[in-house]
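build me a structure from this.
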Amino acid sequence: MVKVGVKYAVVDAFTDSAFKGNPAAVCLLEEDKPDEWLHAVAREFNISATCYLARLTDSDHHLRSPNPRFKLRWFTPVAEVVLPSAEAVKDVQPQIEKIQKCPGRGIIISGEAPPESGFDFFSRFFCPKIGINEDPVCGSAHCALAPYWSKRLNKCDFVAYAASRRGGVVKLHLDEENNRVKLQGIAVTIMEGSILV
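The predicted structure is shown next:
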C-alpha cells in the first residue's frame, strides 16, 4: 500500500527574516486524522505551534464563499490550543518564578511601548504548562490583548512587538461589531517536505 504524504511547511511568522519571529508548522490535511496522530506530529515538530488545515466543502458550513475556507486546529508539543478570552488576562499580575504553579494556560505580560518605538505595546507570553516556556510571538495572546489595549489607548488598530528572544511584529485590528481580532504579519517559509506516516 502506497502512503500518501501530508504536505507541510514550516513558516516563521511575524518577521521578515528566517529564524526569527514565531515558527509554526502548517500541515494541509486531505483527510481527517485521529487526535493521537495530530498530537504525535506536533510533538515531533516540537515548536510552539503546529497547525492543521482541512478544506471545508459547501456542506461543511453555511457560508458560501468564492474563496477556499479551512477548518483550523493547532497544537503545542503537549496540548491543543484554545483561544483565551480577554477577561482571562485583564487583571493578571504575573510573578514569573511562580508561572508553573499558576492556574490557567499561561501568563501574558504587556506594557505600553515608548512613543519613539513605533509600537503601541510590548508583550511576552509564558506558558510552561503546555510545553513552551515562552511563545516567541503568540497570536492568541494578541487576540486577548487587542480589546484590553483598545480600552486603554482608545483605538482599534495597533502595531505590537513581541519582546521574546526571537522577537516579532504583529499588526492588529479590533472589529468590535463582529467580536473579531484581525492579525497581520510577514512570514518566511524556511522548510518544506512531506510527512509519510
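
point to the residue nearest the middle of this protein.
Geometric centre of the chain, nearest residue: Gly139, 3.5 Å, by C-alpha atoms, centre = their mean.

excluding chain neighbours, what is closest to it?
Among residues not flanking Gly139 along the chain, Leu183 sits closest, at 5.4 Å (C-beta to C-beta, 6 or more residues apart in numbering). (Each C-beta comes from the backbone N, C-alpha and C, glycine too.)

OK, contacts around the one you found?
Applying C-beta atoms under 8 Å, 6 or more residues apart in numbering, one finds that Leu183 lies in contact with 139, 142-143, 170-172.

before we move on, the earlier item: surely the residue nearest to the centre of the chain touches Gly168?
No. Using C-beta atoms under 8 Å as the test, Gly139 is too far from Gly168 to be in contact (10.0 Å).

what touches both of these two?
Joint contacts of Gly139 and Gly168 (C-beta under 8 Å, 6+ apart) are 13, 22.

which is the succeeding secondary structure element to the lengthiest helix in the chain?
Identified as the longest helix of the chain according to DSSP state H is helix 139-153. Using DSSP states H and E, the next helix or strand after helix 139-153 towards the C-terminus is strand 157-162.

partners of the helix or strand hosting Thr189, with directions?
Element membership of Thr189, judged by DSSP H and E, is strand 187-195. Looking at strand 187-195 with DSSP bridges, its partner strands are strand 6-13 (antiparallel).

give the rounded mean pLDDT of the helix or strand just after the strand it pairs with.
Once the chain leaves strand 6-13, the next helix or strand it forms, by DSSP H and E, is strand 22-29. For strand 22-29, mean pLDDT rounds to 92.

helices or strands next to strand 22-29 in the packing?
In terms of contacts (3 or more C-beta pairs under 8 Å, 6 or more residues apart in numbering; DSSP states H and E), strand 22-29 is packed against strand 6-13, helix 35-45, strand 49-55.

of those, which approaches Phe158 most closely?
strand 6-13 (16.7 Å; C-beta to C-beta).

using PDB, write out every CA atom in the closest one.
The C-alpha trace of strand 6-13 is given here as PDB (Å, rounded to 0.1, in the frame of the first residue of the first chain):
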ATOM      1  CA  VAL A   6       0.800  15.100   4.300                       C
ATOM      2  CA  LYS A   7       2.200  18.300   2.800                       C
ATOM      3  CA  TYR A   8       3.500  20.800   5.300                       C
ATOM      4  CA  ALA A   9       5.500  24.000   5.500                       C
ATOM      5  CA  VAL A  10       7.400  25.500   8.500                       C
ATOM      6  CA  VAL A  11       6.800  29.200   8.500                       C
ATOM      7  CA  ASP A  12       8.400  31.900  10.600                       C
ATOM      8  CA  ALA A  13       5.500  34.300  11.200                       C
END
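
re earlier: give me the helices and strands touching the longest helix of the chain, please.
Packing partners of helix 139-153 (3+ C-beta pairs under 8 Å, 6+ apart): helix 87-90, strand 107-112, strand 121-127, strand 157-162, strand 168-175, strand 180-184.
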